[in-house]
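>>> Here is my input; please provide its structure:
(chains A, B, C and D)
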2 protein chains.
Amino acid sequence: MIDREFFLGFIKIHILYHAVKGPIYGADIAAELARHGYTISPGTLYPTLHRLSREGYLESETRVVEGKMRKYYRATGEGKRLLAASRRKIAELVAEVMEGI
Amino acid sequence: MIDREFFLGFIKIHILYHAVKGPIYGADIAAELARHGYTISPGTLYPTLHRLSREGYLESETRVVEGKMRKYYRATGEGKRLLAASRRKIAELVAEVMEGI
DNA sequence: TTACCGATATTGCTGGACGATATTATAGTA
DNA sequence: TACTATAATATCGTCCAGCAATATCGGTAA
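Model prediction:
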C-alpha cells in the first residue's frame, strides 16, 4: 500500500513528540501509536529508535520495571530542535494543502 | 540524514495535492516543490509518479508543448479520496503534536 | 535451575531513494 | 532530409529502510 509511504513520517514525528514530552520505551510507544490508529512493527520501531539515537536525537537509559527490562528514550536538545523543525514543516504543509477547508 | 524520512511523505502529499488542483508534469512539480524548499531527484520523482498511477491514484496523458514531450498527471477519484484521507491524518497530527502552540 | 514473561534485538527478503546516465520526441536550421 | 539542440522522461546500480517472523535477553518466582 502506497499510503504507508505518505504517513510513516507522521509516525516518526509522533515518536519524537512523545520522547520530548517524557521518557518512552518501545512497547509503550507502539501501544500509544495504536491508540491513534497507527501500527508499527518491531522490525521498524526498534531500528528507528536506534537510528534516532545514533544521530543524536534521542538518548536512552535502561531501567528494570516489575522485573522487566525497559529502555527509556528521551529527546536530546537536538531532538527538540528536530521537533521544532517538524512543527514548522507541518504548519507549511497545512498552509499549502488545507487551504479553503 | 534521518529527517528525510520525516518529510518525504510530505512531498508526496504535495504532489497529490497539486495533481488534484490541476494537471501537473514531472519537471513542473519538481520546480514547484523547490519553491517550497523541498528537493526531489528524478530517480525518486518519476518512479513515485509511476507508482501512484499504477495504484490508481493518478492518470496521465502525454502532450507536446513547444516541441517537448510532457506527461501530464491528474488525480483520479481514488486520488482525491487519498488526499482527503491525508488531510484527516494531517489534522490528527496537528491536534496531537501542535497542542499548546 | 528452570520455566516463564515482557521487552528488545536481529534476520532475510523486498522494494524505495537517489545520483548518474541514457533515452525520447520535437523544433529549428540549413 | 539530415543534423543539432533541448527539455523532459526513463532507467540503472547501489545503498538502506520496512517488516514479519524469529531469536534473544534480563529478571522473577516456583
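>>> Stretch A:40-51 and DNA strand C, any residue contact?
Yes. Contact of stretch A:40-51 with DNA strand C is found when judged by C-beta under 7 Å from any atom of the strand, involving A:42-43, A:46-47, A:49-50. Using the backbone N, CA and C atoms, a C-beta is placed for each residue, glycine as well.
>>> what mean pLDDT would you report for that stretch?
If you average the pLDDT over stretch A:40-51, you get 98.
>>> Restricting to C-alpha, output it in PDB.
What follows is stretch A:40-51, C-alpha atoms only, in PDB (Å, rounded to 0.1, in the frame of the first residue of the first chain):
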ATOM      1  CA  ILE A  40       4.400  -0.100  13.600                       C
ATOM      2  CA  SER A  41       6.100  -3.400  13.700                       C
ATOM      3  CA  PRO A  42       9.100  -4.200  15.900                       C
ATOM      4  CA  GLY A  43      11.300  -4.600  12.900                       C
ATOM      5  CA  THR A  44      10.600  -1.000  12.100                       C
ATOM      6  CA  LEU A  45      10.200   0.500  15.500                       C
ATOM      7  CA  TYR A  46      13.500  -0.600  17.200                       C
ATOM      8  CA  PRO A  47      15.800   0.200  14.300                       C
ATOM      9  CA  THR A  48      14.100   3.600  14.100                       C
ATOM     10  CA  LEU A  49      14.800   4.200  17.800                       C
ATOM     11  CA  HIS A  50      18.400   3.100  17.300                       C
ATOM     12  CA  ARG A  51      18.800   5.400  14.300                       C
END
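>>> Break down chain A into its strands, ranges please.
Applying DSSP state E to chain A gives strands spanning A:58-65, A:68-75.
>>> Show me what the first one is packed against.
Pointing back at strand A:58-65 there. helix A:42-54, strand A:68-75 (3 or more C-beta pairs under 8 Å, 6 or more residues apart in numbering or on different chains; DSSP states H and E).
>>> Flag every buried residue along that strand.
Neighbour counts over strand A:58-65 (16 or more other C-beta atoms under 10 Å in any protein chain shown) mark A:58-60 as buried.
>>> residues from chain A in reach of DNA strand C?
Among all residues of chain A, those adjacent to DNA strand C (criterion: C-beta under 7 Å from any atom of the strand) are A:5, A:25-28, A:42-43, A:46-47, A:49-50, A:65, A:68-71.
>>> Which residue is it, in chain A, that comes closest to DNA strand C?
Closest residue of chain A to DNA strand C, C-beta to the nearest atom of the strand: A:Gly26 (2.7 Å).
>>> what's the burial count for that residue?
Neighbourhood size, A:Gly26 [other C-beta atoms under 10 Å in any protein chain shown]: 18.
>>> now do the one 10 residues further on
Look at A:His36: counted by other C-beta under 10 Å, it has 14 neighbours.
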